[in-house]
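> Predicted structure and sequence below. I'll ask about it afterward.
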Amino acid sequence: MTKPTPVALLPLVLFLTLFVGSGLWYQSLGKEFAFYQIQAPVAILPAIVLALILGRGALQSRIETFVKGVGDQTIITMVLIYLLAGAFASVAKAIGGVDATVNFGLSVIPSSFILPGIFIITAFVATSMGTSMGTIAAIAPIAVGVAEVTDLPLLTTVGAVVGGAMFGDNLSIISDTTIAATRTQGCDMRDKFRMNFKIALPAAVLVLVWLFFQGSQAHLDDLKEYDLLLVLPYVAVLVLAVLGVNVLLVLFTGIVLAGGIGLSNMDDYNVAQWSQDIYAGYTGMQEIMILSLLIGGLGALMKAQGGLDWIVKTIEGISRRLGAKEGSNKAGELSISTSVALTNLCTANNTVAILISGSVAKDVATRYGVDPRRSASLLDIFSCVIQGLIPYGAQVLLASSLAGVSPIELITHVQYSWILAVVALLSIVFAWPKAAAKATA
């Protein structure tokens, strides 16, 4: 049996140093999206080389370990889902589904409920699309316009968009964070959704109350026309996913439905354009797909060399020093939450954080008796909390850029992420919600 050792983690340290270090360097030069100038799939290559060098045994054996990690069933399934999720989001946006959904929502919102309404609309779109970045890109410009027309505080309005996007990203069954969390923990997406919802809903309700009082004097005029038919693909995907239909079938259905609506209702939309939109969706998922494959291989090498076992022991020790009783679920849950939060701070990418922490979380959950549904939920929640609060994360950078505000100022107005962090920590302290026993055949 391989002895647990921190030396096996040096490749991960190298990856984070290259990725985060380059981001800090470009940030000092004033580059936009500084932490994305050197993409993670490139920054990880030297780390993989180092992991191969540190391994014991024949080089061919080490390479085979890496390849097995890349070809792991969990990783390959994630890649297929990424492809279909990207294709659906691309086709639905191309036919005008995002604009229709936003304008429909605003048309039925009372003027005094605009700020909470923006949060709700953003949350719905993000839950349906499965992407916080795409949601922010679609809704933030509209929110900026709403703030100008209604004299609402700009930072509060844009903060509601970021918060709603993180709510949807956290809960969406087709989100890459959900895919990564459930696949690494070995649980069903529907079960993780239910567990997450019980924590996210109280946080969202508190945010809605706060937003209502912040924007109760607002008013809204001059809405654009919309076609309810264009909202159907999002509704269909959300309903089918919640009903427990296989996620690959759900996404394929969404692609066909959105494409069918575009072909039948848009004169300039044809099969060739539909094909191009699907491929554009594939291309949009290229980075996370490649990174998932490479992280799968790197993780396999670090695990084989004893690195992940060392992390488990270290995090368990920290949890006990924080006051968790030996053998309790709280120790495991605190370990899982701390691990993914710290990783996300370093990587500025919630999906990457889950992928890196997934194996560790699964080991901790097994040792401390944490239900896989609960561990997947905590992984997703705390990664999304951190992602919505770091000024160098893609979501905050995009929203602040579109609104023309400082990302440092903006994170102080993303109330949902702050409140969700508190509610999630309280859920650990009070051991709620409990994972109900699954029925057996």
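Alright, I've got the coordinates.
> So what's the predicted local confidence for residue 433?
Per-residue confidence at residue 433 stands at 77 (pLDDT).
> looking at it, it is touching residue 198, isn't it?
Yes. When contacts are counted by Cβ atoms under 8 Å, residue 433 is listed as touching residue 198 (4.3 Å). (Glycine included, C-beta is placed from N, CA and C.)
> where does the chain have its least confident helix or strand?
helix 307-321 (a mean of 69; mean pLDDT, DSSP states H and E).
> Beyond that helix, next helix or strand please.
Sequence order places helix 329-347 as the next helix or strand after helix 307-321, per DSSP states H and E.
> Sort out which residues of that following helix are buried, please.
Residues of helix 329-347 classed as buried by neighbour count (16 or more other Cβ atoms under 10 Å): 329-341, 343-347.
> Show me which parts of the helix or strand that comes right after it are buried, residue by residue.
Downstream of helix 329-347, the next assigned helix or strand under DSSP H and E is helix 350-368. Going by neighbour count (16+ other Cβ under 10 Å), the buried part of helix 350-368 is 350-365, 368.
> pretty sure residue 293 is touching residue 82, no?
No. Applying Cβ under 8 Å as the test, residue 293 and residue 82 come out as separate, 10.5 Å apart.
> Between these two, point out the one with more neighbours.
residue 82 (26 against 19; other Cβ atoms under 10 Å).
> what's the closest non-adjacent residue to the more buried one?
Once flanking residues are discounted, residue 82 sits nearest to residue 285: 4.3 Å by Cβ to Cβ, 6 or more residues apart in numbering.
> ok, now which ones touch that neighbour?
With contacts defined as Cβ atoms under 8 Å, 6 or more residues apart in numbering, residue 285 is in contact with 82, 83, 85, 86.
> and the residues you listed, which of them are in helices?
82, 83, 85, 86 (DSSP state H).
> JSON lines for those, including pLDDT?
Shown next, in JSON lines, are the ones in helices among the contacts of residue 285 (pLDDT from 0 to 100):
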{"residue": "82", "pLDDT": "78"}
{"residue": "83", "pLDDT": "86"}
{"residue": "85", "pLDDT": "82"}
{"residue": "86", "pLDDT": "82"}
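> Now tabulate these in TSV and tack on distance to residue 238.
As requested, the ones in helices among the contacts of residue 285 are exported to TSV (distance: Cβ to Cβ, whole Å):
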residue	distance to residue 238
82	19
83	20
85	13
86	17
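> And the helices in the stretch 51-200 of the chain?
59-70, 73-94, 97-107, 114-129, 132-150, 154-171, 176-185, 189-214 (DSSP state H, counting those that start in this stretch).
> Can you name every helix or strand that the fourth one contacts?
It refers to helix 114-129. Applying 3 or more Cβ pairs under 8 Å, 6 or more residues apart in numbering; DSSP states H and E, one finds that helix 114-129 contacts helix 73-94, helix 97-107, helix 132-150, helix 154-171, helix 189-214, helix 232-242.
> which one of the ones you listed is the most hemmed in?
helix 154-171 (a mean of 28; mean count of other Cβ atoms under 10 Å).
> Could I have the CA atoms of it written out in PDB?
Listed next in PDB are the C-alpha coordinates belonging to helix 154-171 (Å, rounded to 0.1, in the frame of the first residue of the first chain):
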ATOM      1  CA  LEU A 154     -26.500  49.700  -9.900                       C
ATOM      2  CA  LEU A 155     -24.400  47.500  -7.700                       C
ATOM      3  CA  THR A 156     -27.400  46.100  -6.000                       C
ATOM      4  CA  THR A 157     -29.100  45.300  -9.300                       C
ATOM      5  CA  VAL A 158     -26.100  43.700 -10.800                       C
ATOM      6  CA  GLY A 159     -25.400  41.900  -7.500                       C
ATOM      7  CA  ALA A 160     -28.900  40.400  -7.800                       C
ATOM      8  CA  VAL A 161     -28.000  39.000 -11.300                       C
ATOM      9  CA  VAL A 162     -24.800  37.400 -10.000                       C
ATOM     10  CA  GLY A 163     -26.600  36.000  -7.000                       C
ATOM     11  CA  GLY A 164     -29.400  34.500  -9.200                       C
ATOM     12  CA  ALA A 165     -26.900  33.100 -11.600                       C
ATOM     13  CA  MET A 166     -25.000  31.300  -8.800                       C
ATOM     14  CA  PHE A 167     -28.300  30.100  -7.400                       C
ATOM     15  CA  GLY A 168     -29.100  28.500 -10.800                       C
ATOM     16  CA  ASP A 169     -25.600  27.200 -11.400                       C
ATOM     17  CA  ASN A 170     -25.700  25.600  -8.000                       C
ATOM     18  CA  LEU A 171     -29.100  23.900  -8.500                       C
END
